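J.: here are the coordinates; sequence isn't available:
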């Protein structure tokens, strides 16, 4: 319940009461025959005592409230917002204490909100596939995410280290790209596989100090997909133009054959020559048609239709089509992929192994799985690949075979990457290739 009098009113009332006492006491003392000066002195002294006694209950709580408010404001200055004032009074100071508590609660909520946002931002940055480095003006690393630590320092902490100290242990291409302080692409060779990265630099001022932000993004898959898309577009254009020409040529060749057969007066040798010419034209038209249809299938590869696949069923479908040896036991957990596309990819790998000179009994298929993915590995004992061929073996149209069209491995890679996985090729000690298809599990499956 709000007090009937304000703080100012109570102080004024106590003061007036003390003045009233100070003026009335001398008259009472004079009435009893006391000297005038002594009566005035006694009245004045008594007025002071009364004023103190009346003002003390008003000023003492006010002093305590002001000291508590001062302590709370000092806590605010030190960014400590957990202190609250007890709003025990129902006057101006009590209302000020209530407002102080409201402001403290708002500041606590704002700080908690900012902390949650910072935590969310840090979580996003730490889980980002891009490597992120923040360098202060002295060249020390003040922030790095998980990708940067794995890329530059084998997963160990980077904060507090100087950038030149870290770059001394990095691959030369990566160190040069960071030291050049210019945006661009660079390649890093990881085993047999070259990887393309993009590095970007930006400078800004943070807390009155100049900082440098370095972002490194792995671009291999994006560039490969863009390259494949370009090849697909070229294939579609070439197939369209060839088909437009092959159809009338094949039709005219067939009509010419029928016309030559009806010519009764034509000599037998001339008729045989004409038939040979038309047969050759028809044969080459058929070859070109099949050739363009093969490229068209690569360019129009549909999105995979994934489903649960029992491994023994996949093996049973493959066994009659191409001899191979199954190594190890099949996983207990069924696979999850497009069975038609994966079967086509495996058959392409088996066919390549035979064409590379591997015996059928030396072609091995191993299937394994864990919580991270499904792994289908094909080993052979063919001629293997040189370093240069390994770097380009997955590109469309690249082939070392005289009659090859360069689509077998490219189609395998396209199928695997359409599933969200990746394809790896390595030479085996003793000759042959080790090819591994990694297929991820879908997020929705247990």
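T.: Cool, got the structure. Fair warning: this is a prediction, and the values are worked out from it, not measured in the lab.

J.: Got the phi and psi for residue 48?
T.: Torsion angles at residue 48 (phi, psi; degrees, to the nearest 10) stand at phi -60, psi -40.

J.: distance of it from residue 104?
T.: The gap separating residue 48 from residue 104 is 41 Å, by Cβ to Cβ, to the nearest Å. Just so you know, the C-beta spots here come from the backbone N, C-alpha and C atoms, and that holds for glycine as well.

J.: These two: which has the busier surroundings?
T.: residue 104 (19 against 13; other Cβ atoms under 10 Å).

J.: quick one: residue 348 is in a strand?
T.: No. Per DSSP: H, G, I helix; E, B strand; the rest coil, residue 348 lies outside any strand segment and is helix.

J.: burial measure for it, as a count.
T.: Neighbours around residue 348, by other Cβ under 10 Å: 19.

J.: before we move on, what about residue 323?
T.: 13.

J.: One more: residue 355?
T.: Quick note: residue 355 (other Cβ under 10 Å) scores 14 neighbours.

J.: in the stretch 301-446 of the chain, what spans have low per-residue confidence?
T.: Applying pLDDT under 70 to the stretch 301-446 of the chain flags the ranges 301, 387-408, 444-446.

J.: hey, where'd the helices end up in it?
T.: Along the stretch 301-446 of the chain, counting by DSSP state H, counting those that start in this stretch, helices occupy 311-318, 339-355, 387-392, 408-418.

J.: closest one to residue 112 among those helices?
T.: For the helices of the stretch 301-446 of the chain, distance to residue 112 was read as Cβ to Cβ. The smallest value, 43.5 Å, belongs to helix 408-418.

J.: And the closest one, what does it pack against?
T.: helix 220-262, helix 268-299, helix 339-355, strand 422-427, strand 433-440 (3 or more Cβ pairs under 8 Å, 6 or more residues apart in numbering; DSSP states H and E).

J.: Mind checking what secondary structure the closest residue to residue 215 other than its chain neighbours has?
T.: Distances taken as Cβ to Cβ, 6 or more residues apart in numbering put residue 200 closest to residue 215, at 4.8 Å, once the chain neighbours are dropped. Put simply, residue 200 is strand when judged by three-state DSSP.

J.: For residue 200, report the pLDDT, please.
T.: With respect to pLDDT, residue 200 scores 84.

J.: Am I right that it is in contact with residue 181?
T.: No. Using Cβ atoms under 8 Å, residue 200 is not in contact with residue 181; the gap is 10.5 Å.

J.: Tell me where the model's unsure across the stretch 101-250 of the chain.
T.: 184-187, 189-194, 219-250.

J.: can you give me the strands in it?
T.: 131-135, 141-144, 184-190, 193-206, 209-218 (DSSP state E, counting those that start in this stretch).

J.: right, and those strands - which one's nearest residue 423?
T.: Closest to residue 423 of those is strand 193-206 (Cβ to Cβ; 10.1 Å).

J.: Let me see the ranges of the helices in the stretch 51-200 of the chain.
T.: 92-127, 146-153, 163-167, 172-179.

J.: Comparing those helices, which comes out most buried?
T.: Looking across those with neighbours counted as mean count of other Cβ atoms under 10 Å, the highest average goes to helix 146-153: a mean of 19.

J.: quick one, that one and helix 92-127 angle?
T.: Inter-element angle recorded for helix 146-153 and helix 92-127: 50 degrees (by axes from the mean of the first three to the mean of the last three Cα atoms, to 10 degrees).

J.: Return the list of helices and strands in contact with helix 146-153.
T.: Short answer (3+ Cβ pairs under 8 Å, 6+ apart): helix 146-153 packs on strand 131-135, helix 163-167, strand 209-218.

J.: Outside of stretch 356-373 itself, list whatever touches it.
T.: Stretch 356-373 is contacted from outside by 311, 315, 318, 322-328, 330-331, 333, 335, 346, 350, 353-354, 374-384, 421, 432-433, 438-441, using Cβ atoms under 8 Å, 6 or more residues apart in numbering.

J.: and with 6 Å instead?
T.: 311, 323-328, 330-331, 333, 350, 353, 375-383, 438-440 (Cβ atoms under 6 Å, 6 or more residues apart in numbering).

J.: and if you look at stretch 201-220?
T.: By Cβ under 6 Å, 6+ apart, stretch 201-220 touches 130-137, 181, 195-200.

J.: Narrow those to those that are buried.
T.: 130, 131, 132, 133, 134, 135, 136, 196, 197, 198, 199 (16 or more other Cβ atoms under 10 Å).
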